[in-house]
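K.L.:
turn this into a model:
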Amino acid sequence: MLRSLFIGLSESKRLRHFAEQSPLGLRFSGRFVAGTQLDDVIRATQAVNEWGAGVSIDNLGENVTNAVESKHSAELYHRLLDEISSRKLNANISLKLTHMGFDVSEDLAFGLVTEVVDHAVRIDSFVRVDMEGSPYTQRTLDFVRQLHRLPGHAGRVGTVIQSYLHRSEKDVDGLLAERIRIRLCKGAYKEPPEIAFPKKADVDANYLKLARTLLKSGVFHGIATHDERIIAEVKQFARAENIPASAYEFQMLYGVRRDLQQQLVREGYGLRVYIPFGSEWYPYFMRRLAERPANVLFIARNMFRQ
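P.N.:
Numbers count the residues shown, from 1 in each chain. The predicted structure is shown next:
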């Protein structure tokens, strides 16, 4: 019930406007969002790198409505890539297609993202195209395949598969046929039962099934979860199949289970922390609360301690 509530709140334009302009909202969001400026996320990235984890940086935003906003989003990613290169950060970038003008013009978005990937190739980096709600799933996969086929892009661009979707096993098979890198997550959007598994047990079971397929594929993937049971089963499966820890990495969200993140690094596993930043943080923040409502109590306790 709480999950549905928070997902519903994530779509409220009125609450979003209030929260993103409110000093109190910024304090609450600080647990999961590095800040609103590029300098904020660079500092957060450096701090995570110092204790041994890599980073995937995301400038928060989605569903821009014109070409000017789209180009501004792309320009910021170019600045990010320059910072990653000049500071020698262990980091790559993640982006949403609707932040790059996908709703305005697919040709516009393809041109902008192609330039971003070209930049990433020049500095020996990588671009992750994030997945959005189910109306974008097929279009996003087609977009990524087209990007991946461009000269020099193979292995430099990947995408995300959400285990709560019924279609995900077929999508994994299609991406692996082209050796496209995948970040596997559970999914954080509100979807009907015709499209997504409504029960957590089924989502988890599908996650493990897909994770095993990814681990055996010979392609480097990201296993994105904070679920200790799933992490333990992934480790056990990899050991049983003689798959080295260097063949994959775990991925986690900024501000979530920092203790577990650092434990994995101490154990010798690769870990990448997804760090978002930007002024348009509200939808992302509410989806994080939907994934784990206990985070509300955690944030409230820390607010009162300050």
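K.L.:
all strands of the stretch 1-150 of the chain, in order?
P.N.:
54-59, 91-95, 127-129 (DSSP state E, counting those that start in this stretch).
K.L.:
I'd like these as a markdown table, with mean neighbour count and mean pLDDT appended.
P.N.:
Every C-beta, even on glycine, is put in place using the N, C-alpha and C of the backbone. Compiled in a markdown table, these are given as follows (neighbours: other Cβ atoms under 10 Å; pLDDT from 0 to 100):
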| stretch | mean neighbour count | mean pLDDT |
| --- | --- | --- |
| strand 54-59 | 24 | 96 |
| strand 91-95 | 24 | 98 |
| strand 127-129 | 25 | 98 |
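K.L.:
which one of the ones you listed lies nearest to Val265?
P.N.:
Judged by Cβ to Cβ, the one of the strands of the stretch 1-150 of the chain that comes nearest to Val265 is strand 54-59, at 10.0 Å.
K.L.:
now that closest one, how far from the chain's geometric center?
P.N.:
8 Å (Cα atoms, centre = their mean, to the nearest Å).
K.L.:
also stretch 121-131?
P.N.:
Put simply, stretch 121-131 sits 12 Å off its chain's centre (Cα atoms, centre = their mean).
K.L.:
before we move on, what about stretch 118-128?
P.N.:
Chain-centre distance of stretch 118-128: 17 Å, with Cα atoms, centre = their mean.
K.L.:
likewise stretch 241-259?
P.N.:
For stretch 241-259, the distance to the chain centre is 14 Å (Cα atoms, centre = their mean).
K.L.:
with stretch 100-111 instead?
P.N.:
20 Å.
K.L.:
kindly report the same for stretch 40-50.
P.N.:
That offset, for stretch 40-50, works out to 17 Å (Cα atoms, centre = their mean).
K.L.:
what's the closest of the strands of the stretch 1-150 of the chain to His153?
P.N.:
Of the strands of the stretch 1-150 of the chain, nearest to His153 by Cβ to Cβ is strand 127-129, at 9.0 Å.
K.L.:
list the strands paired with that closest one, with their directions.
P.N.:
strand 91-95 (parallel), strand 157-162 (parallel) (DSSP bridges).
K.L.:
ok, which of the ones you listed comes nearest Leu108?
P.N.:
strand 91-95 (14.0 Å).
K.L.:
how near is the closest residue to Ile123 other than its chain neighbours to Asp130?
P.N.:
Distances taken as Cβ to Cβ, 6 or more residues apart in numbering put Ser85 closest to Ile123, at 4.1 Å, once the chain neighbours are dropped. Going from Ser85 to Asp130 by Cβ to Cβ, to the nearest Å gives 22 Å.
K.L.:
equivalent analysis for Gly54, please.
P.N.:
17 Å.
K.L.:
what's the answer for Leu210, then?
P.N.:
Distance of Leu210 to Asp130, given as Cβ to Cβ: 17 Å.
K.L.:
circling back to that earlier point, need the strands of the stretch 1-150 of the chain in CSV (columns: distance to Leu271).
P.N.:
Shown next, in CSV, are the strands of the stretch 1-150 of the chain (distance: least, Cβ to Cβ, whole Å):
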stretch, distance to Leu271
strand 54-59, 7
strand 91-95, 13
strand 127-129, 15
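K.L.:
if we can go back for a sec, burial count for the residue nearest to Ile123?
P.N.:
Ser85: 16 surrounding residues under other Cβ atoms under 10 Å.
K.L.:
wait, it touches Val121, no?
P.N.:
No. Contact criterion Cβ atoms under 8 Å: Ser85 and Val121 do not qualify, at 11.8 Å.
K.L.:
longest helix of the protein, counting residues only.
P.N.:
helix 67-86 (DSSP state H).
K.L.:
give me the helices and strands touching it, please.
P.N.:
Here helix 67-86 touches helix 38-50, strand 54-59, strand 91-95, helix 106-122, going by 3 or more Cβ pairs under 8 Å, 6 or more residues apart in numbering; DSSP states H and E.
K.L.:
neighbouring contacts of the longest one?
P.N.:
Outside helix 106-122, the residues that touch it by Cβ atoms under 8 Å, 6 or more residues apart in numbering are 67, 70-71, 73-74, 77-78, 81, 92-93, 95, 97, 100-102, 126-127, 129, 139, 143, 146-147, 150, 152-153, 156-157.
K.L.:
mind checking which of these are buried?
P.N.:
For those, a burial check counting by 16 or more other Cβ atoms under 10 Å picks out 70-71, 73-74, 77, 81, 92-93, 95, 97, 100-102, 126-127, 129, 143, 147, 153, 156-157.
K.L.:
thanks a lot, see you next time.
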